[in-house]
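S.K.: I'd like to go over a predicted model; first the sequence, then the structure.
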Amino acid sequence: MEINVLQWQKNFKMGRYIPNDFNTQVEAGWYDWFCKEKSLAEKTNKMGKIISQVKDGGKIDLEKMYVWFKNNCPFVGPLYDDFRFADIETGNTMFTIAIDDKRASTKYEVWCWKNGFREAYIGFKNSRDLVKWLNKPWDEE
């Protein structure tokens, strides 16, 4: 059973995902990776600092969504990480935030359900602007 984003944020703030062992990082939400297992905790911490700033009332429903992680190995270019917000009830991914994908023109590239994941929906040069966008309701776009 997946835990909601609100509980994930509480766990993160309490340091629950600091250990770099396999079970802890799978519990944190790692689904797939091509990097060394020992690097997952560092990646969780990096992405967790962004996730912990997401507030309810914006695009992410903290109680009805969960977060999970992937380390991607594209056919062209180096490995890159992403975190995804998915609906707890259906399991459908609603947002994928790719970080440092060298094929992208921005540091943070958001893919989402709004355009059927056909292409990046929006990109950001820094995490501050990404968080602002996530915390803004759709009707304020």
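M.R.: Looks like it came in fine. Numbers count the residues shown, from 1 in each chain.
S.K.: residue contacts, the closest residue in space to Lys114 that isn't next to it in sequence?
M.R.: Sequence neighbours aside, Tyr121 is the residue nearest to Lys114 in space, at 5.9 Å (criterion: Cβ to Cβ, 6 or more residues apart in numbering). In this view, the C-beta of every residue, glycine as well, is placed from N, C-alpha and C. Counting by Cβ atoms under 8 Å, 6 or more residues apart in numbering, Tyr121 touches Val110, Trp111, Cys112, Lys114, Asn115.
S.K.: Same question for Asp101.
M.R.: Shown in contact with Asp101 (Cβ under 8 Å, 6+ apart): Asn72, Pro74, Gly77, Tyr80, Asp82, Glu109.
S.K.: which helix of the chain spans the most residues?
M.R.: Of all the segments assigned as helix in the chain under DSSP state H, the longest by residue count is helix 40-51.
S.K.: buried residues in it?
M.R.: When burial is assessed from 16 or more other Cβ atoms under 10 Å, helix 40-51 yields the following buried residues: Leu40, Ala41, Lys43, Thr44, Met47, Gly48, Ile50, Ile51.
S.K.: Correct me if wrong: the second one contacts Val26.
M.R.: No. Taking contact to mean Cβ atoms under 8 Å, the distance of 11.7 Å between Ala41 and Val26 leaves them out of contact.
S.K.: what sits in contact with each of the two?
M.R.: Here Ala41 and Val26 share no contacting residue, scored by Cβ under 8 Å, 6+ apart.
S.K.: which neighbours does the worst-scoring helix or strand of the chain on mean pLDDT have in its sheet, and in what orientation?
M.R.: Evaluated with mean pLDDT, DSSP states H and E, the helix-and-strand set of the chain has its lowest mean pLDDT in strand 30-32, which scores a mean of 79. The partner list of strand 30-32 in its sheet, established with DSSP bridges, is strand 65-72 (parallel).
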